[in-house]
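In: Show me the folded form of this:
(2 chains)
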Amino acid sequence: GENVEQHPSTLSVQEGDSAVIKCTYSDSASNYFPWYKQELGKGPQLIIDIRSNVGEKKDQRIAVTLNKTAKHFSLHITETQPEDSAVYFCAASWEGADGLTFGKGTHLIIQP
Amino acid sequence: EPEVTQTPSHQVTQMGQEVILRCVPISNHLYFYWYRQILGQKVEFLVSFYNNEISEKSEIFDDQFSVERPDGSNFTLKIRSTKLEDSAMYFCASSGSSFWFSTEAFFGQGTRLTVV
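Out: Next up is the predicted model:
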(Lines give C-alpha, C1' and ligand atoms only; values in the text may rest on other atoms or scores of the structure.)
Protein backbone atom coordinates (compact mmCIF):
# COMPACT_ATOMS: atom_id res chain seq x y z
CA GLY A 1 0.00 0.00 0.00
CA GLU A 2 0.88 3.66 -0.15
CA ASN A 3 3.21 5.16 2.44
CA VAL A 4 3.58 8.91 2.89
CA GLU A 5 6.49 10.42 4.79
CA GLN A 6 6.35 14.05 5.92
CA HIS A 7 9.09 16.37 7.18
CA PRO A 8 9.71 18.21 9.37
CA SER A 9 7.47 17.25 12.28
CA THR A 10 7.79 20.75 13.73
CA LEU A 11 8.66 23.96 11.89
CA SER A 12 9.10 27.33 13.53
CA VAL A 13 9.45 30.42 11.33
CA GLN A 14 9.40 34.15 11.89
CA GLU A 15 6.27 35.97 10.83
CA GLY A 16 6.71 37.16 7.27
CA ASP A 17 9.18 34.44 6.35
CA SER A 18 8.42 31.45 4.12
CA ALA A 19 7.70 27.91 5.27
CA VAL A 20 8.27 24.73 3.29
CA ILE A 21 6.91 21.30 4.21
CA LYS A 22 7.99 18.23 2.25
CA CYS A 23 6.39 14.86 1.62
CA THR A 24 7.42 11.73 -0.22
CA TYR A 25 5.20 8.90 -1.35
CA SER A 26 5.89 5.33 -2.33
CA ASP A 27 3.19 4.28 -4.79
CA SER A 28 3.82 5.51 -8.33
CA ALA A 29 0.10 5.03 -9.08
CA SER A 30 -0.78 7.92 -6.76
CA ASN A 31 -1.87 10.94 -8.73
CA TYR A 32 -3.77 13.13 -6.28
CA PHE A 33 -2.01 15.06 -3.51
CA PRO A 34 -4.03 17.24 -1.17
CA TRP A 35 -2.80 19.33 1.74
CA TYR A 36 -4.89 19.79 4.86
CA LYS A 37 -4.64 22.33 7.66
CA GLN A 38 -5.83 21.28 11.09
CA GLU A 39 -6.38 23.87 13.77
CA LEU A 40 -6.71 22.92 17.41
CA GLY A 41 -10.00 21.16 18.10
CA LYS A 42 -11.06 21.12 14.46
CA GLY A 43 -11.05 18.64 11.60
CA PRO A 44 -8.60 18.80 8.71
CA GLN A 45 -9.49 21.46 6.16
CA LEU A 46 -8.42 21.17 2.53
CA ILE A 47 -6.22 24.14 1.60
CA ILE A 48 -4.78 23.13 -1.74
CA ASP A 49 -4.35 20.05 -3.87
CA ILE A 50 -2.50 19.01 -6.99
CA ARG A 51 -2.96 16.30 -9.54
CA SER A 52 -0.11 14.60 -11.32
CA ASN A 53 -0.74 16.23 -14.65
CA VAL A 54 0.68 19.50 -13.31
CA GLY A 55 3.95 20.30 -11.59
CA GLU A 56 2.93 23.35 -9.59
CA LYS A 57 -0.20 25.04 -8.36
CA LYS A 58 -0.55 28.34 -6.57
CA ASP A 59 -3.31 29.98 -4.57
CA GLN A 60 -2.36 33.37 -3.16
CA ARG A 61 0.33 32.75 -0.50
CA ILE A 62 0.16 28.97 -0.80
CA ALA A 63 1.79 26.86 -3.49
CA VAL A 64 2.34 23.16 -3.98
CA THR A 65 4.99 21.56 -6.19
CA LEU A 66 5.09 17.98 -7.39
CA ASN A 67 8.00 15.94 -8.71
CA LYS A 68 6.57 12.66 -9.98
CA THR A 69 9.93 11.23 -10.93
CA ALA A 70 11.27 11.65 -7.43
CA LYS A 71 7.88 10.95 -5.86
CA HIS A 72 7.86 14.01 -3.66
CA PHE A 73 5.68 17.06 -3.24
CA SER A 74 6.00 20.18 -1.15
CA LEU A 75 3.86 22.89 0.38
CA HIS A 76 5.17 26.45 0.28
CA ILE A 77 3.66 29.23 2.37
CA THR A 78 5.00 32.72 1.75
CA GLU A 79 4.67 35.82 3.93
CA THR A 80 3.58 33.72 6.88
CA GLN A 81 1.06 35.16 9.32
CA PRO A 82 0.08 34.15 12.88
CA GLU A 83 -3.10 32.51 11.60
CA ASP A 84 -0.98 30.10 9.58
CA SER A 85 -0.01 28.38 12.84
CA ALA A 86 -1.56 24.90 12.70
CA VAL A 87 -0.77 21.29 11.92
CA TYR A 88 -0.43 20.61 8.20
CA PHE A 89 -0.96 17.16 6.68
CA CYS A 90 -0.04 15.99 3.24
CA ALA A 91 -1.85 13.04 1.71
CA ALA A 92 -1.81 10.89 -1.39
CA SER A 93 -4.35 8.91 -3.32
CA TRP A 94 -5.25 7.99 -6.86
CA GLU A 95 -8.33 8.72 -8.95
CA GLY A 96 -10.87 6.05 -8.20
CA ALA A 97 -9.38 5.09 -4.86
CA ASP A 98 -11.46 5.87 -1.85
CA GLY A 99 -9.11 6.49 0.99
CA LEU A 100 -6.40 9.09 1.50
CA THR A 101 -3.06 8.08 2.98
CA PHE A 102 -1.85 10.84 5.25
CA GLY A 103 1.58 11.90 6.41
CA LYS A 104 2.25 12.31 10.12
CA GLY A 105 1.75 16.05 10.06
CA THR A 106 3.89 19.15 10.55
CA HIS A 107 3.26 21.51 13.43
CA LEU A 108 3.91 24.95 11.96
CA ILE A 109 4.61 27.67 14.50
CA ILE A 110 4.72 31.30 13.38
CA GLN A 111 6.85 33.37 15.74
CA PRO A 112 5.77 37.04 16.06
CA GLU B 1 -20.55 27.43 3.10
CA PRO B 2 -21.75 23.81 3.36
CA GLU B 3 -20.00 21.69 5.96
CA VAL B 4 -19.86 18.21 7.41
CA THR B 5 -21.25 18.10 10.94
CA GLN B 6 -20.59 15.44 13.57
CA THR B 7 -22.25 14.61 16.86
CA PRO B 8 -21.41 14.29 19.64
CA SER B 9 -18.21 16.31 19.88
CA HIS B 10 -17.02 14.14 22.78
CA GLN B 11 -18.17 10.69 23.82
CA VAL B 12 -16.99 8.81 26.89
CA THR B 13 -17.87 5.14 27.07
CA GLN B 14 -16.98 2.11 29.13
CA MET B 15 -14.92 -0.66 27.62
CA GLY B 16 -17.17 -3.27 26.02
CA GLN B 17 -20.02 -0.86 25.35
CA GLU B 18 -21.39 -0.04 21.92
CA VAL B 19 -21.09 3.47 20.55
CA ILE B 20 -22.61 5.16 17.54
CA LEU B 21 -20.95 8.21 16.05
CA ARG B 22 -23.09 10.37 13.84
CA CYS B 23 -22.36 12.52 10.83
CA VAL B 24 -24.33 14.68 8.44
CA PRO B 25 -22.34 14.91 5.19
CA ILE B 26 -22.62 17.77 2.71
CA SER B 27 -26.04 17.40 1.15
CA ASN B 28 -25.20 16.74 -2.50
CA HIS B 29 -22.17 14.56 -1.83
CA LEU B 30 -22.23 10.90 -2.76
CA TYR B 31 -19.10 9.47 -1.13
CA PHE B 32 -18.75 9.18 2.61
CA TYR B 33 -15.77 8.26 4.76
CA TRP B 34 -14.65 7.63 8.30
CA TYR B 35 -11.12 8.33 9.46
CA ARG B 36 -9.58 8.23 12.89
CA GLN B 37 -6.69 10.00 14.53
CA ILE B 38 -5.14 8.57 17.66
CA LEU B 39 -3.70 11.37 19.78
CA GLY B 40 -0.45 12.64 18.29
CA GLN B 41 -0.56 10.28 15.33
CA LYS B 42 -1.51 10.52 11.68
CA VAL B 43 -5.03 10.49 10.34
CA GLU B 44 -5.91 6.93 9.25
CA PHE B 45 -8.51 5.82 6.73
CA LEU B 46 -11.16 3.45 8.09
CA VAL B 47 -13.88 3.02 5.49
CA SER B 48 -15.59 4.55 2.49
CA PHE B 49 -19.24 4.24 1.56
CA TYR B 50 -20.95 4.80 -1.76
CA ASN B 51 -24.34 3.85 -3.16
CA ASN B 52 -25.43 2.39 0.18
CA GLU B 53 -22.56 -0.01 0.56
CA ILE B 54 -18.96 -0.14 1.72
CA SER B 55 -16.65 0.42 -1.23
CA GLU B 56 -13.32 0.19 0.56
CA LYS B 57 -12.11 -0.51 4.08
CA SER B 58 -8.77 -0.62 5.83
CA GLU B 59 -7.30 -3.31 8.08
CA ILE B 60 -8.42 -1.27 11.08
CA PHE B 61 -12.07 -1.66 10.10
CA ASP B 62 -12.67 -5.12 11.53
CA ASP B 63 -15.90 -6.88 12.50
CA GLN B 64 -16.32 -4.58 15.49
CA PHE B 65 -17.04 -1.68 13.16
CA SER B 66 -20.02 -1.04 10.93
CA VAL B 67 -21.38 1.88 8.97
CA GLU B 68 -24.84 2.80 7.94
CA ARG B 69 -26.74 5.50 6.12
CA PRO B 70 -30.10 5.10 7.87
CA ASP B 71 -31.80 7.94 6.02
CA GLY B 72 -31.04 10.50 3.36
CA SER B 73 -28.89 12.71 5.53
CA ASN B 74 -27.12 10.80 8.31
CA PHE B 75 -24.06 8.57 8.10
CA THR B 76 -23.12 6.58 11.20
CA LEU B 77 -20.16 4.60 12.51
CA LYS B 78 -20.91 1.91 15.08
CA ILE B 79 -18.31 0.27 17.26
CA ARG B 80 -19.88 -2.85 18.68
CA SER B 81 -17.73 -3.55 21.73
CA THR B 82 -15.30 -0.76 22.43
CA LYS B 83 -11.71 -1.37 23.47
CA LEU B 84 -9.29 1.02 25.16
CA GLU B 85 -7.33 1.30 21.90
CA ASP B 86 -10.43 2.63 20.12
CA SER B 87 -9.91 5.91 21.95
CA ALA B 88 -9.25 8.46 19.22
CA MET B 89 -10.69 11.38 17.29
CA TYR B 90 -13.03 10.07 14.62
CA PHE B 91 -13.56 12.19 11.54
CA CYS B 92 -16.35 11.89 9.03
CA ALA B 93 -15.74 13.18 5.52
CA SER B 94 -17.67 13.45 2.27
CA SER B 95 -16.81 14.15 -1.35
CA GLY B 96 -18.31 14.31 -4.81
CA SER B 97 -21.54 15.75 -6.08
CA SER B 98 -24.41 14.87 -8.36
CA PHE B 99 -22.68 16.24 -11.42
CA TRP B 100 -18.98 15.41 -11.20
CA PHE B 101 -16.61 13.11 -9.40
CA SER B 102 -14.10 14.75 -7.19
CA THR B 103 -11.59 13.34 -4.77
CA GLU B 104 -11.59 16.47 -2.60
CA ALA B 105 -12.77 15.26 0.79
CA PHE B 106 -14.30 17.69 3.25
CA PHE B 107 -13.93 16.75 6.91
CA GLY B 108 -16.15 17.31 9.90
CA GLN B 109 -14.84 18.69 13.18
CA GLY B 110 -14.53 15.21 14.69
CA THR B 111 -15.88 13.22 17.62
CA ARG B 112 -13.43 12.53 20.40
CA LEU B 113 -14.09 9.02 21.69
CA THR B 114 -12.68 8.14 25.09
CA VAL B 115 -12.96 4.52 26.21
CA VAL B 116 -12.45 4.01 29.94
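In: Would you mind listing the residues in contact with residue 15?
Out: You didn't pick a chain, so chain A it is. A:80-82, A:110-112 (C-beta atoms under 8 Å, 6 or more residues apart in numbering or on different chains). For the C-beta atoms, the positions are set from N, CA and C on the backbone; glycine is no exception.
In: I was thinking of chain B, sorry if that wasn't clear
Out: B:82-84, B:115-116 are the contacts of residue B:15 under C-beta under 8 Å, 6+ apart.
In: Model confidence score at residue B:10, please.
Out: Reading off the confidence values, residue B:10 has pLDDT 96.
In: in a helix, that's where residue A:83 is, yeah?
Out: Yes: looking at residue A:83 with DSSP: H, G, I helix; E, B strand; the rest coil, it is inside a helix.
In: That one: neighbour count?
Out: When neighbours are counted by other C-beta atoms under 10 Å in any protein chain shown, residue A:83 registers 8.
In: What residues does chain B have near chain A?
Out: For chain B, the residues in contact with chain A (C-beta under 8 Å from any C-beta of the partner chain) are B:4, B:6, B:31, B:33, B:35, B:41-45, B:48, B:50, B:55-56, B:58, B:91, B:93, B:103-110.
In: Swap in 6 Å and give it another go.
Out: Where chain B comes near chain A, counting by C-beta under 6 Å from any C-beta of the partner chain, the residues are B:42-43, B:45, B:48, B:55-56, B:91, B:103-104, B:107-110.
In: Can you read off the pLDDT for residue 43?
Out: Picking chain A for this. 87.
In: think we crossed wires, I meant chain B
Out: 91.
In: before we move on, what about the one 3 residues further on?
Out: Note on residue B:46: pLDDT of 96.
In: Provide a list of residues in contact with it.
Out: B:34-36, B:58, B:60-61 (C-beta atoms under 6 Å, 6 or more residues apart in numbering or on different chains).
In: can you pull up the bridge partners for the spatially closest residue to it that is not a sequence neighbour?
Out: Leaving out its chain neighbours, the residue that sits closest to residue B:46 by C-beta to C-beta, 6 or more residues apart in numbering or on different chains is residue B:34, at 4.3 Å. Here residue B:34 sits in beta bridges with residue B:47, residue B:92, as judged by DSSP bridges.
In: most surrounded residue in the residues of chain B next to chain A?
Out: residue B:108 leads the residues of chain B next to chain A on contacts (other C-beta under 10 Å) with 28 neighbours.
In: was I right about that residue contacting residue B:92?
Out: Yes: the criterion here is C-beta atoms under 6 Å, and residue B:108 meets it with residue B:92 at 4.5 Å.
In: For the most centrally placed residue in chain B, give its distance to residue B:78.
Out: Nearest to the mean C-alpha position of chain B, by C-alpha atoms, centre = their mean, lies residue B:34 at 3.0 Å. Remark: distance between residue B:34 and residue B:78 (C-beta to C-beta, to the nearest Å) = 10 Å.
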